[in-house]
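Asker: Sequence first, predicted model second:
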Amino acid sequence: MTDARVTVHTAAVIDRIAPELHGHFSEHLGRCIYDGIWHGEADEEVGFREDVVSLLSDLEIPVLRWPGGCFADDYHWEDGIGPREDRPRRRNLFWAQDTGERPEESNAFGTDEFLELCEHIDTEPYLAANVGSGDPQEAVDWVEYCNYDGDTELADRRRENGHEEPYGVRYWGLGNENWGCGGQMTPEQYAREYRRYATYVGSMDKLMLDHDLDLIACGFENHDWNRRFMEEIGSSSWGVEFPLDHLTLHHYYGRSFSVSEADEDQYDRFLVEALEIEDHIERIAAAINAVATTRDIGVIIDEWGSWHPESVPESGLEQPGTVLDALSAAAVLDVFNENSDVMTMANIAQTVNVLQCLVETDGDDAWARPTYRVFDLYANHKGNEAVRTSVDAPSRDLDETNLPLVKASASTDDDGVFITVTNLDCREARSVEIALEGIQDPNRVDAEVLFAEHGPKVEVTVDNADEFEATDLDVSIEDGVLTAELAASTVAGFSVR
Ligand code: AHR
């Protein structure tokens, strides 16, 4: 019996899938940087954790956002450059809240360490400048320190710190959640601040000539806020030629339950909540396009992923890495593919140890979480042309909403077609047919599946981490139609040549 049919409309091109849709976010929060990317203060070793760097390197991360998050609007970048022993120790204002503890920031990991990491793992850096408690001068100085190749004091400081050549950092965020932890601003207020910052950072961009900066503003899941922000931006003397290349929002889901304690109905609702990201993408794009009538401004999902009740400041926002979370990542990456015509970047939160991280550490051990395996499987989509798919499959009714039980997306390159299909149903296996328009007789089909031996509740540990690697999936082909059996809660990738 066929439970689902995916039709791939190979000629219906959506757009190129920006590799940056597979981006990541790392903040000075809990054990993301210290004990995650960089050795913790209690460790004998100082410097990068080579085990983590190696896992991140293998994943070929296209872009990494840093240093926050809420931390970005309390961070003063000059604290984190120069000889480490001379760097000031500061309180970590935001992540101290409500913990009864007073986390402190050693500043051992600063701008040069972050940019060295990016060079090392071959990823594009994305710096978030301080708007909430900083000023435009500080932001321009940061750009100058990183990117300027002239004969100035700041460019010389970079050279003295061991970096003769400018880094050429392209992505610059101006603030983070400035409607909340970044200053509690109204949209009009943030738009005015944004314009002030963009005036000077944009002038620095022109001065440097050969560096083309992308300036990024933060939006909100409240779309009236986005509309008002865009209208205020558009009301300046720049008209629609304002220096704004991307507008962002954050989407977290799953706060109401721990995966280990939840039942199947809650799993369904969680996945629906994850998929609400599509509505947010459409609505923020509409807010942009109502004002930016003659130019493209990209949609960035700057932070996304699961956020369960275990993730509280006291735990450093740590939560177990489960198959359910990984399934949600697969469904969300499908949504990104389908919206590749408006989306320019997306950064899952957060890279190591925090929230829906991809890598977890404990002492001397580091391992990949199930979400890591999803990113690895979906890597075949990066840079391809996304094409439309239609999915004919059952959905589950949940009061006023429903969950599509099968999710898919497809993309093409010179070698063929790559299709990802997720059985979001945690109760039943499905037989899935895939029909590819215009392809009757594929030369070769390779298919892999994730989580075939696991249920949604299964948590990764150092001991079982390797069990989540993709395994081969049997596919039969008849009259050009592929058929495969997908166990409950599994993700599959089909490469057709
Ligand atoms: O990722 C954790 C926090 O979530 C970030 O600091 C903030 O931007 C968001 O609210």
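Answerer: Received, thanks. Since the structure is predicted, the reported quantities are computational estimates derived from the model, not experimental observations. Numbering: from 1, shown residues only.

Asker: Check whether residue 259 really touches residue 460, as I assumed.
Answerer: No: the pair residue 259 and residue 460 does not pass the contact test of C-beta atoms under 8 Å, sitting 11.6 Å apart. Every C-beta, even on glycine, is put in place using the N, C-alpha and C of the backbone.

Asker: how about the residues of the stretch 351-497 of the chain that lie near the ligand?
Answerer: residue 355 (C-beta under 6 Å from any ligand atom).

Asker: The stretch 351-497 of the chain: helices as residue ranges?
Answerer: 370-378 (DSSP state H, counting those that start in this stretch).

Asker: just to revisit the earlier point, between residue 259 and residue 460, what contacts are shared?
Answerer: Taking C-beta atoms under 8 Å, 6 or more residues apart in numbering as the contact rule, residue 259 and residue 460 both touch 320, 322.

Asker: in the chain, which strand has the most residues?
Answerer: Longest strand of the chain, by residue count under DSSP state E: strand 4-16.

Asker: Can you tell me which helices and strands the helix or strand that that strand is followed by packs against?
Answerer: Later in the chain than strand 4-16, the nearest helix or strand by DSSP states H and E is strand 23-25. Contacts defined by 3 or more C-beta pairs under 8 Å, 6 or more residues apart in numbering; DSSP states H and E place strand 23-25 against strand 63-66, strand 343-349.

Asker: Can you list the strands that strand 23-25 pairs with?
Answerer: Strand partners for strand 23-25, identified by DSSP bridges, are recorded as strand 63-66 (parallel), strand 343-349 (parallel).

Asker: Let me see the mean pLDDT of it.
Answerer: Averaging pLDDT along strand 23-25 gives 98.

Asker: before we move on, the earlier item: and the longest strand of the chain, which strands flank it?
Answerer: Sheet pairing of strand 4-16 (DSSP bridges) gives strand 385-392 (antiparallel), strand 430-436 (parallel).

Asker: residues in contact with that strand?
Answerer: Residues from elsewhere that reach strand 4-16 (C-beta under 8 Å, 6+ apart): 337-341, 383-394, 405-406, 408, 410, 412, 417, 419, 421, 430-439.

Asker: Report the buried members of the residues you listed.
Answerer: Neighbour-count burial (16 or more other C-beta atoms under 10 Å) is assigned, among the contacts of strand 4-16, to 337-340, 384-389, 391, 393, 405-406, 408, 410, 412, 417, 419, 421, 430, 432-436, 439.

Asker: Any idea which of the strands paired with strand 23-25 gets closest to the ligand?
Answerer: strand 343-349 (4.4 Å; C-beta to the nearest ligand atom).

Asker: Listing request: residues of the stretch 151-300 of the chain with sub-threshold pLDDT.
Answerer: For the stretch 151-300 of the chain, applying pLDDT under 70 flags the ranges 209-211.

Asker: and this protein, which residues reach the ligand?
Answerer: Checking the chain against the ligand by C-beta under 6 Å from any ligand atom, the hits are 27, 68, 69, 70, 176, 177, 250, 303, 349, 350, 355.

Asker: could you redo these as JSON lines and give each row secondary structure and neighbour count?
Answerer: As requested, those are exported to JSON lines (DSSP: H, G, I helix; E, B strand; the rest coil; neighbours: other C-beta atoms under 10 Å):
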{"residue": "27", "secondary structure": "coil", "neighbour count": "27"}
{"residue": "68", "secondary structure": "coil", "neighbour count": "26"}
{"residue": "69", "secondary structure": "coil", "neighbour count": "29"}
{"residue": "70", "secondary structure": "helix", "neighbour count": "21"}
{"residue": "176", "secondary structure": "coil", "neighbour count": "31"}
{"residue": "177", "secondary structure": "coil", "neighbour count": "25"}
{"residue": "250", "secondary structure": "strand", "neighbour count": "23"}
{"residue": "303", "secondary structure": "strand", "neighbour count": "25"}
{"residue": "349", "secondary structure": "strand", "neighbour count": "28"}
{"residue": "350", "secondary structure": "coil", "neighbour count": "27"}
{"residue": "355", "secondary structure": "coil", "neighbour count": "28"}
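
Asker: got the residues you listed as a markdown table, with distance to residue 157 columns?
Answerer: Below are the residues of the chain next to the ligand laid out as a markdown table (distance: C-beta to C-beta, whole Å):
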| residue | distance to residue 157 |
| --- | --- |
| 27 | 25 |
| 68 | 23 |
| 69 | 25 |
| 70 | 27 |
| 176 | 25 |
| 177 | 30 |
| 250 | 33 |
| 303 | 31 |
| 349 | 31 |
| 350 | 29 |
| 355 | 34 |
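
Asker: For the ligand, state which of those residues is nearest.
Answerer: residue 69 (2.9 Å).

Asker: burial count for residue 440?
Answerer: By the criterion of other C-beta atoms under 10 Å, residue 440 has 10 neighbours.

Asker: picking up where we left off before, ok, of the residues of the chain next to the ligand, which one's closest to residue 310?
Answerer: Closest to residue 310 out of the residues of the chain next to the ligand is residue 355 (10.0 Å), distances taken as C-beta to C-beta.

Asker: On the strand side of things, show who residue 420 bridges to.
Answerer: residue 409, residue 493.

Asker: And the pLDDT at it?
Answerer: Note for residue 420: predicted pLDDT of 98.

Asker: Tell me the spacing between it and residue 53.
Answerer: As for residue 420, its distance to residue 53 is 27 Å (criterion: C-beta to C-beta, to the nearest Å).

Asker: Show me which of those two is the more surrounded one.
Answerer: Neighbours per residue (other C-beta under 10 Å) separate residue 420 from residue 53, with residue 420 holding more: 25 against 18.

Asker: just checking, that one touches residue 408?
Answerer: Yes: between residue 420 and residue 408 there is a contact at 6.4 Å, judged by C-beta under 8 Å.

Asker: List the residues that are in contact with both of those two.
Answerer: Contact with both residue 420 and residue 408 is made by residues residue 334, according to C-beta under 8 Å, 6+ apart.

Asker: just how off-centre is whichever strand or helix holds residue 194 within its chain?
Answerer: Following DSSP H and E, one finds residue 194 within helix 187-208. Centroid separation for helix 187-208 versus its chain: 24 Å, with C-alpha atoms, centre = their mean, to the nearest Å.

Asker: ok, then the element right after that helix?
Answerer: Later in the chain than helix 187-208, the nearest helix or strand by DSSP H and E is strand 214-218.

Asker: in the helix or strand following that next one, what's buried?
Answerer: Moving toward the C-terminus from strand 214-218, the next helix or strand (DSSP H and E) is helix 223-234. Residues 223, 225, 226, 227, 228, 229, 230, 232, 233, 234 are the ones in helix 223-234 that count as buried (16+ other C-beta under 10 Å).

Asker: Determine which residue lies closest to the centroid of the chain.
Answerer: Closest to where the C-alpha atoms of the chain average out (C-alpha atoms, centre = their mean) is residue 347, at 1.4 Å.

Asker: That residue: what's it in contact with?
Answerer: Shown in contact with residue 347 (C-beta under 8 Å, 6+ apart): 23, 24, 25, 63, 64, 65, 126, 300, 301, 302, 303, 304.

Asker: So what sits opposite the first one in the bridge?
Answerer: Counting by DSSP bridges, residue 23 is bridged to residue 347.

Asker: which residues touch it?
Answerer: 61, 62, 63, 64, 65, 126, 345, 346, 347, 348.

Asker: on that earlier part again, give me the pLDDT for the residue nearest to the centre of the chain.
Answerer: 98.
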